[in-house]
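Peer 1: Quick one: sequence plus predicted model below, questions after.
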Amino acid sequence: MSGALVARTLTDPASALTLDAAGWNALIAAARAEQLIGSVAVRLGGLVLPPAAERVMADARASAEAGRIAALWEAEAARRVLASLDVPVVLLKGTAFVAAGLDAGRGRSIGDLDILVPRDGLDRVERALLAGGWEWVKPDPYDDAYYRRWMHELPPLVHAARDKMIDVHHTILPPTARPTPDAAALIADAVPLDNGLSVLSREDMVVHAAAHLLADGDLQGGLRNLWDIDRLVREFSEGDGTFVARLGSQAAHHGLSAAVERAIRLAKRIYATPVAGFDPRPSDALFARRLLARDGWGRLRHKETEFGFYVRSHWMRMPPAMLARHLWTKWRRT
């Protein structure tokens, strides 16, 4: 499986030196499909690669650096628009990693700008962004109402001139989901940056990454999200023997112990994350099967597993009656 090849290369970059042409093609295709090509390229930096492979990796490193600069500029643009509101703004995901200078941000593919703000500040943030040049991506009344009533974020906005999307969160999981994280604590415990923005605390970064991976989706892009968790846990626990214990306490506070524990077990299984304990469970194999399901062309394999996790993601987000109504409504509109 090429997903496993990507994971092996990230964990042990020197192993790529044994690849033949077909192996390099498989690695590049799968890494691109998983949005991990920049991370792979950074990990392979300094090794003597075949010329064709080195050209691909050099381009990937340059693209990742351009993405880092663009992400930081989007964060700054949002900060300028929201600065007068006296509302705390917490960066999330990839933008947070690069803004905080974390190892998880090295080579990382960054798409949307994700921010977390207090729920009672949503209206003011929304008005400021609309006045600042962002506009709605989902003008459909049903989708707009669904986001506002049931989701953990506003409907997505895109900047009219830069074509860059921003997702404004008021918590990290839908209110209908089984766990109910303490959004106020996430914001209160956030760590200020020099520019007036903040990032989540170290423990909450891992909790959020685990929630995003396992409690809020179908594991699409999960290999990249799991790499985030490996990088974060390695960096935060280095020289800090109490980090994992504090992480466990914080996960319990947010009702996300199961997600965090499985995330670390999977990180150990796939990326050899050096954490004591967290013994594997039989069900982890099914999650690993989903995460590693890429063939030599970068295509997803195991369609039945993919569909099963798609159903699981909706089941976790909504009670059965609500899920049935939502799927029926969406089906009628297609």
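Peer 2: Here it is on my side, so go on. Fair warning: this is a prediction, and the values are worked out from it, not measured in the lab.
Peer 1: Helix, strand, or coil at V168?
Peer 2: Recorded secondary structure, V168: strand (DSSP: H, G, I helix; E, B strand; the rest coil).
Peer 1: can you start the count at 689 instead of 1 from here on
Peer 2: Okay, residue one is now 689; in that scheme the one you just asked about reads as V856.
Peer 1: what number of residues lie near it?
Peer 2: 23 (other CB atoms under 10 Å). The way it works is simple: take the backbone N, C-alpha and C, and place the C-beta from them, glycine included.
Peer 1: ok, now which ones touch it?
Peer 2: Neighbouring residues of V856 by CB atoms under 8 Å, 6 or more residues apart in numbering: 803, 805, 810, 813-814, 817, 841-842, 845.
Peer 1: Just among the residues you listed, which is most surrounded?
Peer 2: I803 leads those on contacts (other CB under 10 Å) with 27 neighbours.
Peer 1: Show me what it is bridged to.
Peer 2: L779, V856 (DSSP bridges).
Peer 1: can you pull the pLDDT of it?
Peer 2: At I803, the pLDDT value in this model is 98.
Peer 1: Does it touch I854 like I think?
Peer 2: Yes: contact criterion CB atoms under 8 Å: I803 and I854 qualify, at 6.9 Å.
Peer 1: which neighbours do those two share?
Peer 2: A766.
Peer 1: Just the endpoints, please. Distance across stretch 775-785?
Peer 2: Taking CA to CA, to the nearest Å as the measure, stretch 775-785 stretches 21 Å from start to finish.
Peer 1: go on, stretch 784-802?
Peer 2: 9 Å.
Peer 1: now swap in stretch 927-945 and tell me
Peer 2: Using CA to CA, one end of stretch 927-945 lies 23 Å from the other.
Peer 1: what do you get for stretch 720-731?
Peer 2: End residues of stretch 720-731 are separated by 15 Å (CA to CA).
Peer 1: buried ones in it?
Peer 2: Judged by neighbour count (16 or more other CB atoms under 10 Å), stretch 720-731 contains these buried residues: 720-731.
Peer 1: Distance from it to the middle of the chain?
Peer 2: Remark: stretch 720-731 is offset 14 Å from the chain centroid, using CA atoms, centre = their mean, to the nearest Å.
Peer 1: Could you pull out the strands in this structure for me?
Peer 2: 778-779, 801-804, 822-824, 845-847, 853-857, 879-880, 886-887 (DSSP state E).
Peer 1: closest to H896 out of those?
Peer 2: strand 801-804 (8.8 Å; CB to CB).
Peer 1: what's the closest one packed up against?
Peer 2: If contacts are counted by 3 or more CB pairs under 8 Å, 6 or more residues apart in numbering; DSSP states H and E, strand 801-804 sits against helix 739-770, strand 778-779, helix 781-787, strand 853-857, helix 871-876.
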